[in-house]
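>>> based on what follows, work out the 3D shape:
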Amino acid sequence: MGFGVIIAAVIFVSLLAVATYLVAVSAIYTMDSLSGALDRASEFNSERIMTSVRIANVSILTNNTISVMLNNTGSTKIYNLRHMDVFIHYTANETDEKLTERLRYNSGGISELQYDEWTCLNITPDAVNPGIFDPDECMEILLKVQDINRSTGGWIKVVTPNGISSFKYF
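Model prediction:
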């Protein structure tokens, strides 16, 4: 009977050691995962702090075409224009209805631009990283909307992929 108690104690201690090991390994794995997530969040916030854009000018070219000059006043490059959002609020010419729309990005340029879309006409000076909206560069974008009432005005808001925005009345 004394030998059975010793075997039971050894099994109990062994199971306790295995359970402790499993808890420790899972805790280390969880901390490692959280550490990586916190690093990525910190990098995103750092990049967001260094991002700044400004709408310099808005020109209504025709009743359905608007040109917007956008300056990258921050220190972050904006790589993927399709992830930028452009919002416009205006009054329709025929119905006098107030419209607020999110315009879709069209990478095809002016020739393929449809209603409720926007495209990048040019980036100047674009010598360093062609096609990337670098700091201190100016980007002209063209918006195509339904027939706009020029006398009532409206506003445009441009939002970068990481959530920084600029807003201007026209």
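>>> so how far does stretch 128-142 reach from one end to the other?
Length of stretch 128-142, first residue to last, C-alpha to C-alpha, to the nearest Å: 23 Å.
>>> would you mark the buried spots in that stretch?
F133, D134, P135, E137, C138, M139, E140, I141, L142 (16 or more other C-beta atoms under 10 Å). C-betas here are computed from N, CA, C, even on glycine.
>>> what residues are up against L142?
T65, I66, S67, V68, I110, L113, W118, T119, L121 (C-beta atoms under 8 Å, 6 or more residues apart in numbering).
>>> same question, T30
So T30 contacts nothing (C-beta under 8 Å, 6+ apart).
>>> now neighbour count, pLDDT and distance to I11 too, for the contacts of L142, in TSV please.
Shown next, in TSV, are these (neighbours: other C-beta atoms under 10 Å; pLDDT from 0 to 100; distance: C-beta to C-beta, whole Å):
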residue	neighbour count	pLDDT	distance to I11
T65	15	96	81
I66	24	97	78
S67	14	98	80
V68	23	98	75
I110	11	89	78
L113	16	94	75
W118	25	98	71
T119	22	97	72
L121	16	95	76
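>>> inside strands: which ones of those?
Among the contacts of L142, the ones falling in strands (DSSP state E) are T65, I66, S67, V68, W118, T119, L121.
>>> now do the contacts for P161.
By C-beta under 8 Å, 6+ apart, the neighbours of P161 are I78, Y79, N80, H83, M84.
>>> domains of this protein?
Per automatic domain parsing, the domain ranges recorded for the chain read 1-49, 53-169.
>>> which of the ones you listed sits most buried?
Mean neighbours per residue, mean count of other C-beta atoms under 10 Å, is largest over the domains of the chain for domain 53-169, with a mean of 16.
>>> what's the span of that domain from first residue to last?
15 Å.
>>> and for stretch 148-157?
17 Å.
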